[in-house]
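A.B. asks: Everything below, folded, please.
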Amino acid sequence: MSLSPVQLEVLFTPADFASLPGRDLRQTVCVVFDVFRATTTIVTALGNGAAAVIPVVEISEALELRRQRPDVLLAGERDGWRIGAALTGGVEFDLGNSPREFRPERIAGRTIVVTTTNGSRALRACTGAGELLAAAFPNLAATAAHLRARAPEKIILVCSGTLERAAYEDVLGAGALAALIWPADDGRAADSARMARNIFELHQTDLPAAVVNSSNGRRLLGVPELRDDVACCLERDRFDFVVGSVNGELRRLPKSQLAAG
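C.D. replies: Model (predicted):
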């Protein structure tokens, strides 16, 4: 079943999603992708038992939430690495931005405040959406099923990008979701959605090869401590739940809510 009645759009860069706060998104579902690595890490954290994830843009926001709620864990990165005392004035973050760090024994039952270079910005830009979802390859099928059930008036797939540029892996993620929810011959999807879908379909049989020469792929694969994140982030459908924003916190949406659609 496909979402033929809806309009589908893909935003490729931070400059694109920066315009979202000025748009009327009340009837729109925004789905954010930061494949390498923020949304993959968020999905993994919730899959491994975290209670909630609170995305914030600035390090100072994370530190203020820790002051208000000493029980939260702090997670995030700058330049790809865990945020350390040099950037905070003395506070070492508990976790970085590698999904492999978010093991059940570290995070089960905990609320995690996360700030990353691009993913947090993209999520914040979608605050006015009728529904905000965080998606990645590990929960792609569940997200697609949710969107098909909801059949919203409009869907915007938001690629977080890298710094101020597009990120190839995010386009692959958006294209993969577009392929699951949109008939290829439906003219009501924007050209941006067609572009993302075509790029994904070109590479769908070998995603690891597709990202070897991407900016983030090269960066992660070039660091021994981080190279295994690439395969982890490209593994499809490890989790069967949808991640949505509930009162500013990212949580697993209840099965009853999905069924009600």
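A.B. asks: for the stretch 51-200 of the chain, what spans make up the strands?
C.D. replies: 52-55, 73-78, 81-82, 111-115, 131-135, 154-159 (DSSP state E, counting those that start in this stretch).
A.B. asks: Kindly reformat the ones you listed as JSON lines containing mean neighbour count.
C.D. replies: No exception for glycine: its C-beta is placed from N, CA and C like everyone else's. Below are those laid out as JSON lines (neighbours: other Cβ atoms under 10 Å):
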{"stretch": "strand 52-55", "mean neighbour count": "23"}
{"stretch": "strand 73-78", "mean neighbour count": "22"}
{"stretch": "strand 81-82", "mean neighbour count": "16"}
{"stretch": "strand 111-115", "mean neighbour count": "24"}
{"stretch": "strand 131-135", "mean neighbour count": "26"}
{"stretch": "strand 154-159", "mean neighbour count": "26"}
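A.B. asks: Tell me which of the ones you listed approaches T88 most closely.
C.D. replies: strand 73-78 (8.7 Å; Cβ to Cβ).
A.B. asks: Kindly spell out which helices and strands sit in contact with that closest one.
C.D. replies: helix 59-68, strand 111-115 (3 or more Cβ pairs under 8 Å, 6 or more residues apart in numbering; DSSP states H and E).
A.B. asks: Export those to CSV and append columns for distance to H203.
C.D. replies: Below are these laid out as CSV (distance: least, Cβ to Cβ, whole Å):
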stretch, distance to H203
helix 59-68, 35
strand 111-115, 28
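A.B. asks: The ones you listed into JSON lines, with extra columns for mean pLDDT?
C.D. replies: Converted to JSON lines, the helices and strands packed on strand 73-78 look like this (pLDDT from 0 to 100):
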{"stretch": "helix 59-68", "mean pLDDT": "98"}
{"stretch": "strand 111-115", "mean pLDDT": "98"}
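A.B. asks: quick one: which of those is nearest V43?
C.D. replies: Taking the helices and strands packed on strand 73-78 one by one with Cβ to Cβ, strand 111-115 is closest: 12.0 Å.
A.B. asks: Quickly run through the sheet partners of that closest one, with directions.
C.D. replies: Strand 111-115 has the following sheet partners, assigned by DSSP bridges: strand 52-55 (parallel), strand 73-78 (parallel).
A.B. asks: Okay, angle between it and helix 59-68 too, please.
C.D. replies: On the basis of axes from the mean of the first three to the mean of the last three Cα atoms, to 10 degrees, strand 111-115 is oriented at 160 degrees to helix 59-68.
A.B. asks: Next one, pLDDT for the residue lying closest to A136 once chain neighbours are set aside please.
C.D. replies: Residue nearest to A136 in three dimensions, not counting chain neighbours: T40, with 4.1 Å by Cβ to Cβ, 6 or more residues apart in numbering. Note for T40: predicted pLDDT of 98.
A.B. asks: for the helix or strand where T40 lies, packing partners?
C.D. replies: Assigning secondary structure by DSSP states H and E places T40 in helix 38-47. Using 3+ Cβ pairs under 8 Å, 6+ apart as the contact test, the elements touching helix 38-47 are strand 52-55, strand 111-115, helix 119-125, strand 131-135, helix 228-234, strand 243-246, strand 249-252.
A.B. asks: C-alpha coordinates for the first one, PDB please?
C.D. replies: Which is strand 52-55. The C-alpha coordinates for strand 52-55 follow below in PDB (Å, rounded to 0.1, in the frame of the first residue of the first chain):
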ATOM      1  CA  ALA A  52      13.400   9.300  26.300                       C
ATOM      2  CA  VAL A  53      15.900  11.400  24.300                       C
ATOM      3  CA  ILE A  54      15.800  15.200  24.500                       C
ATOM      4  CA  PRO A  55      17.500  16.900  21.500                       C
END
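A.B. asks: returning to what we had before: so for L221, which of the strands of the stretch 51-200 of the chain sits nearest?
C.D. replies: Here strand 81-82 is closest among these (Cβ to Cβ), at 15.7 Å.
A.B. asks: in its sheet, what does that closest one sit against?
C.D. replies: Strand 81-82 is paired, per DSSP bridges, with strand 73-78 (antiparallel).
A.B. asks: pLDDT (mean, whole number) over the strand it pairs with?
C.D. replies: Per-residue scores along strand 73-78 average to 97.
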